[in-house]
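Colleague: please find the sequence and the predicted model below.
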Amino acid sequence: MAIRYTLYLLLGMLKFMLFSYFTKTDLSLHLTLMNLAGMLILSSWTLLIPWNKRRWVWLGLLLAHSFLLASDMWYYRYFEDFLSVSLLSQMTQMSDVSSGFTALIVPQDFLLFADSLIFMVLLFVFRKRPEVTTAQTRRRTAGLLAVSGIILSASLLTYRTLTEDRQPTATISDMRDYYLFGFWGYHGWDAFKGVTGRPSDGLTAQEQQRINQKEQTNPTGPKQTPNIILVQLESFQASVIDQTINGEEVTPNLNQLKKESLYFSSFYHQTHEGRTSDAEFITNTSLYPLKSGSVYTQYPTNEFEPLPALLEKNGYDTAAMHAYEKGFWNRDDVYKNIGFKHFFSQKDYSKEKKIGMALNDQQFFLESIDHMETLQEPFFSFLVALTSHTPYEIDKEDQKLDLSGYKDPMLKRYYQTVHYVDTGIGKMIDELKQRDLWDQSLVIFYGDHDSGLVNEGSEMRKKADVSSPVAAFELERRIPLFIKKPDQQTGRVMKKNGGQIDIAPTIIDLLNLKTSYMMGQSLIDDKPNLTGFRDGSFRYKDYYYEADLTKASGEGTCYDVSTEKKVELKFCRNQVKDVSEQLKLSDKIVKQNSLSKQR
């Protein structure tokens with residue numbers, strides 16, 4: 001019995017090592033011991049079963065373990081996070097990225113299932129060797145192993161909690177939970193929270209005061225009420241702006257727009273697992289995404305104090321425009337509850353040429369202008385583009401760029417779809433000018449998130465010659481933001497850093513409106529912006545802080561962005577706590593629907 005069980009444990013532990021290698025995640029002594037403790041707790045009971053049945057139970061457990069590890073691995077490559085119970089409500093909406101997932105699967109991944117084959121061979125070897133251990137001995141051994149696993153895990157957790165001042169119930173990242181609890185501990189804790197529906201703590205008096213103090217007031221009221229056209233571009237990275245391939249510009253129309261608008265060269269996406277829906281949520285509410293799952297799928301009826309509702313209070317006709325199914329990602333509920341009076345969805349657009357999931361963006365932009373003209377002025381129109389969505393499907397006749405020298409088929413399709421959308425942007429701008437909607441409007445274009453093609457070893461990263469953590473961060477997180485003010489003729493590059501959480505406050509600042517609580521701040525004032533990310537990393541002034549989720553909060557690495565070199569942690573330390581508090585407060589606001597009463 002001892003040899004067989006030891007082999008079973010060994011196969012499981014070796015699989016953890018392989019998993020860490022494939023995901024490039026840390027495998028510390030603490031994590032290794034937590035994983036061992038988890039296996040002891042979960043498998044010790046099997047010793048109570050006779051060998052002729054136990055061997056098949058072990059094989060089933062190994063297979064189940066492999067499937068969960070593989071699922072976590074593929075999910076991690078796309079979102080840099082692991083699966084959780086909170087994602088169950090999101091799974092029915094994941095068809096839009098399923099094709100992107102398949103591109104992340106490589107043949108070596110199936111080595112995670114090799115242990116099952118090895119175990120089957122061992123079963124054949126041991127097939128004629130009877131088990132002589134008595135039932136009483138097996139019961140004692142099972143109890144001893146279970147108690148040992150519990151004591152080991154409890155001791156490790158107690159030590160880490162006390163020495164690193166960790167609070168397992170209030171972490172800002174699932175990955176930090178994983179490094180604390182181990183693989184099985186993370187999934188067990190997550191399942192417990194999912195089953196019990198543990199509510200988040202309510203706002204403290206200090207947090208409520210913080211919200212009240214953040215309220216922006218301006219007694220003079222709006223100086224002007226221009227039409228507002230806000231366009232979210234799918235998978236647009238800042239790296240494509242001004243990029244030339246074989247002598248041809250990838251985004252010639254956006255490059256031209258830089259010459260007559262404010263272009264923010266240090267602007268970053270702050271999305272997490274909700275990706276596109278996260279970008280919409282952050283932009284319209286100036287709050288952070290959840291640490292697991294999407295607000296759109298988990299809290300679609302929450303109201304917040306968002307930009308659309310604020311503009312509606314100030315006399316704007318508000319409309320969201322997205323040429324896909326109305327109920328996808330619960331957009332019909334979300335848009336209504338954040339203040340959009342109209343929602344033009346798939347049924348409101350023509351059945352012209354589809355690219356990828358829906359109507360091509362060139363046609364989408366033009367037909368959206370038709371919808372804008374049905375609105376009362378001033379209007380706020382929010383457009384969510386879709387053509388440049390993974391897996392970047394586009395017909396050969398629409399592939400205009402010469403991409404000779406590139407090998408990755410998906411990367412080539414990505415550049416082709418981005419170029420196609422850029423052409424549509426040029427046509428949209430021309431049409432807005434012809435209909436006298438350009439000069440008097442506040443027009444904003446921004447990217448929602450990265451392309452998903454920036455991982456280590458990717459051709460995009462190699463072509464970009466990424467050689468430092470700062471360069472990797474810039475490639476993955478930086479997105480374009482163009483703000484064209486009414487009657488603006490001359491462009492200007494704005495070097496102040498910011499994120500999607502700052503878009504709504506910037507619009508409010510430009511209009512000189514009064515608003516209630518928003519976490520972001522204007523991009524056109526003189527104060528430095530703190531641009532936080534879901535894992536606790538952030539960009540502030542001249543520095544980039546990279547959180548280390550394997551250690552206690554604040555033990556990450558601080559970089560000087562200009563030199564890309566490490567600097568002393570003191571240059572970043574003050575903002576570590578600020579970002580953590582912002583993320584925790586944002587989570588409470590979302591889960592408790594704390595701002596709805598103030599609306």
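Modeller: Everything's here; your move. Here the structure is a predicted model, which is why all the values come from computation and not from measurement. Numbering: from 1, shown residues only.
Colleague: any idea how far residue 233 is from residue 446?
Modeller: 7 Å (CB to CB, to the nearest Å). (Glycine included, C-beta is placed from N, CA and C.)
Colleague: the two: who's more crowded?
Modeller: Shown here are residue 446 and residue 233; by other CB atoms under 10 Å, residue 233 has more neighbours (29 against 21).
Colleague: the more buried one and residue 447 touch, don't they?
Modeller: Yes. If you go by CB atoms under 8 Å, residue 233 and residue 447 touch, sitting 5.2 Å apart.
Colleague: joint contacts of these two?
Modeller: residue 480 (CB atoms under 8 Å, 6 or more residues apart in numbering).
Colleague: ok so residue 407 is a strand residue?
Modeller: No. According to DSSP: H, G, I helix; E, B strand; the rest coil, the state of residue 407 is coil, so it is not within a strand.
Colleague: am I right that residue 319 falls within a strand?
Modeller: Yes. When classified by three-state DSSP, residue 319 is found to be part of a strand.
Colleague: list the beta-bridge partners for it.
Modeller: Applying DSSP bridges to residue 319 yields these beta-bridge partners: residue 342, residue 381.
Colleague: and it, how close does it get to residue 560?
Modeller: Plainly put, residue 319 is 44 Å away from residue 560 if you go by CB to CB.
Colleague: neighbour count for those two, which is higher?
Modeller: Legend: neighbour count by other CB under 10 Å for residue 319 and residue 560, higher for residue 319 (22 against 14).
Colleague: surely that one meets residue 371?
Modeller: Yes. Because the distance of 6.7 Å satisfies CB under 8 Å, residue 319 is recorded as touching residue 371.
Colleague: where do the contact lists of the two overlap?
Modeller: 342, 344, 381.
Colleague: same list (the residues you listed) but as a markdown table, adding distance to residue 252.
Modeller: Output for the shared contacts of residue 319 and residue 371, formatted as a markdown table (distance: CB to CB, whole Å):
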| residue | distance to residue 252 |
| --- | --- |
| 342 | 32 |
| 344 | 28 |
| 381 | 25 |
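Colleague: need the CA coordinates for the helix or strand residue 334 falls within. CSV is fine.
Modeller: Per DSSP states H and E: residue 334 is located in helix 331-337. Only the C-alpha atoms of helix 331-337 are listed here, as CSV (Å, rounded to 0.1, in the frame of the first residue of the first chain):
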residue,chain,number,x,y,z
ARG,A,331,-25.5,44.5,-22.3
ASP,A,332,-29.2,45.1,-22.6
ASP,A,333,-29.6,45.1,-18.8
VAL,A,334,-26.3,46.9,-18.1
TYR,A,335,-26.7,49.7,-20.6
LYS,A,336,-30.2,50.4,-19.3
ASN,A,337,-29.0,50.5,-15.6
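Colleague: so what's the gap between it and the chain middle?
Modeller: Centre-to-centre, helix 331-337 and its host chain are 20 Å apart (CA atoms, centre = their mean, to the nearest Å).
Colleague: go through that helix and flag the buried ones.
Modeller: 331-337 (16 or more other CB atoms under 10 Å).
Colleague: make JSON lines from those and add pLDDT and distance to residue 309 to it.
Modeller: Listed next are these as JSON lines, based on pLDDT from 0 to 100; distance: CB to CB, whole Å:
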{"residue": "331", "pLDDT": "96", "distance to residue 309": "16"}
{"residue": "332", "pLDDT": "95", "distance to residue 309": "16"}
{"residue": "333", "pLDDT": "95", "distance to residue 309": "15"}
{"residue": "334", "pLDDT": "96", "distance to residue 309": "12"}
{"residue": "335", "pLDDT": "97", "distance to residue 309": "11"}
{"residue": "336", "pLDDT": "95", "distance to residue 309": "11"}
{"residue": "337", "pLDDT": "94", "distance to residue 309": "9"}
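Colleague: dump those to JSON lines, plus distance to residue 5.
Modeller: As requested, the buried residues of helix 331-337 are exported to JSON lines (distance: CB to CB, whole Å):
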{"residue": "331", "distance to residue 5": "51"}
{"residue": "332", "distance to residue 5": "54"}
{"residue": "333", "distance to residue 5": "51"}
{"residue": "334", "distance to residue 5": "51"}
{"residue": "335", "distance to residue 5": "56"}
{"residue": "336", "distance to residue 5": "57"}
{"residue": "337", "distance to residue 5": "54"}
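Colleague: in contact with residue 558, which residues?
Modeller: Counting by CB under 8 Å, 6+ apart, residue 558 touches 543-545, 566-573.
Colleague: and the nearest residue to it once chain neighbours are set aside, how close does it get to residue 530?
Modeller: Nearest residue to residue 558, sequence neighbours excluded (CB to CB, 6 or more residues apart in numbering): residue 572, at 3.7 Å. Applying CB to CB, one obtains 11 Å for the distance of residue 572 from residue 530.
Colleague: what's the overlap in contacts for those two?
Modeller: Common neighbours of residue 572 and residue 530 (CB under 8 Å, 6+ apart) are 538, 540.
Colleague: check what pLDDT the residue nearest to the spatial centre of the chain gets.
Modeller: By CA atoms, centre = their mean, the chain has its centre lying nearest to residue 272, at 1.4 Å. For residue 272, the pLDDT comes out at 95.
Colleague: then residue 234?
Modeller: So residue 234 comes in at 97 (pLDDT).
Colleague: repeat that for residue 359.
Modeller: 97.
Colleague: ok, it - contacts?
Modeller: Contacts of residue 359 (CB under 8 Å, 6+ apart): 323, 346, 349-353, 367, 386.
Colleague: now swap in residue 567 and tell me
Modeller: By CB under 8 Å, 6+ apart, the contact list for residue 567 reads 543, 558-560.
Colleague: return the distance of it relative to residue 61.
Modeller: From residue 567 over to residue 61 (counting by CB to CB), the distance is 47 Å.
Colleague: which sections of the stretch 1-150 of the chain are below the confidence cut-off?
Modeller: Along the stretch 1-150 of the chain, the parts satisfying pLDDT under 70 run over 1, 89-103, 131-132.
Colleague: ranking helices and strands of the chain by mean pLDDT, which lands last?
Modeller: Taking mean pLDDT, DSSP states H and E as the measure, the chain has helix 95-102 as its least confident helix or strand, at a mean of 58.
Colleague: packing partners of whichever helix or strand comes after it?
Modeller: With elements assigned by DSSP H and E, the helix or strand that comes after helix 95-102 is helix 114-125. With contacts defined as 3 or more CB pairs under 8 Å, 6 or more residues apart in numbering; DSSP states H and E, helix 114-125 has these neighbours: helix 2-23, helix 51-79.
Colleague: could I get the ones you listed as a markdown table with mean neighbour count?
Modeller: Converted to a markdown table, the helices and strands packed on helix 114-125 look like this (neighbours: other CB atoms under 10 Å):
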| stretch | mean neighbour count |
| --- | --- |
| helix 2-23 | 17 |
| helix 51-79 | 17 |
